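Engineer: how would this look folded up:
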Amino acid sequence: MDDHAENDENLSRTPLWTLEELCTKLRATPRTVHGWRRRGTGPVAYRIGRHLMFDEADVRAWLKARRTTSAADDEADRNTGTDDGSGW
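Structural biologist: Residues are numbered from 1 along each chain as shown. Okay, here's the model as predicted:
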């Protein structure tokens, strides 16, 4: 299989989401997502022209990294200053 066909296959497996699609799925505003990106706490994005695109796998990994198991975890983040204020 040539490299071009392999790249096409990879792209078809994980669709890229637009900023609007990401916001809909996360129930967040574009302003919130841009804020996360400015602080370096948002999901990885690809800039295509003037558009941001997000890989579903990257977003899922980003969400998994922010998973908490209890309210105590959330409180500990606030007390240690590791909470980024994003609510995630």
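Engineer: okay, now the unreliable bits of this structure?
Structural biologist: 1-14, 71-88 (pLDDT under 70).
Engineer: what ranges does it have for its strands?
Structural biologist: Here the chain has its strands, by DSSP state E, at 16-18, 46-48, 51-55.
Engineer: helices of this protein, residue ranges please.
Structural biologist: Remark: helices assigned in the chain by DSSP state H are 3-13, 19-26, 30-39, 56-65, 71-80.
Engineer: got the angle between the third one and helix 56-65?
Structural biologist: Read that as helix 30-39. Interaxial angle, helix 30-39 versus helix 56-65 (axes from the mean of the first three to the mean of the last three CA atoms, to 10 degrees): 80 degrees.
Engineer: what lies in contact with helix 30-39?
Structural biologist: L19, E20, L22, C23, L26, G42, P43, A45, D84, S86 (CB atoms under 8 Å, 6 or more residues apart in numbering). Placement of C-beta: from N, CA and C, glycine included.
Engineer: buried subset of the residues you listed?
Structural biologist: L22, C23, L26, G42, P43, A45 (16 or more other CB atoms under 10 Å).
Engineer: so which of those residues is the closest to A61?
Structural biologist: Checking those against A61 by CB to CB gives P43 as the nearest, at 8.1 Å.
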